[in-house]
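Enquirer: Sharing a sequence plus its predicted fold:
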Amino acid sequence: MFRSYQKNDFAYFVSLIFLVFPIFGVFGGYFPVWTLVLTGLFTIAYLLMVYLKKAYSKWIPFLWFYTLAYIIFMTLTFQGG
């Protein structure tokens, strides 16, 4: 179901550093606690997009949709000004 780790996967992990903002935002009181669940699901969806094998490629569009919906929702709801 999952492919093995490769050298070029490091670039995908570097972008996960930006998840500290919604996580620390909860502890700082800027975001509600329930956004941790959405952020956790986003992290899982992102890692699944990186590691799923080609045989499971039918899941990729759903994972992309969730990641895009998460970004749009969090941007408009909490950072929309």
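Expert: On my side now, so go ahead.
Enquirer: which outside residues touch stretch 72-79?
Expert: Pro22, Gly25, Tyr30, Phe31, Thr35, Leu38 (C-beta atoms under 8 Å, 6 or more residues apart in numbering). To be clear about C-beta, it is placed using only N, CA and C from the backbone, and glycine gets the same treatment.
Enquirer: how near is the residue lying closest to Ile60 once chain neighbours are set aside to Ile23?
Expert: Leaving aside its sequence neighbours, Ile60 sits nearest to Met49 (C-beta to C-beta, 6 or more residues apart in numbering; 6.2 Å). Counting by C-beta to C-beta, to the nearest Å, the gap from Met49 to Ile23 is 20 Å.
Enquirer: same deal with Phe31?
Expert: Counting by C-beta to C-beta - Phe31 and Ile23 are separated by 9 Å.
Enquirer: who's more crowded, those two?
Expert: Neighbours were counted for Phe31 and for Ile23 using other C-beta atoms under 10 Å; Phe31 has more, 21 against 15.
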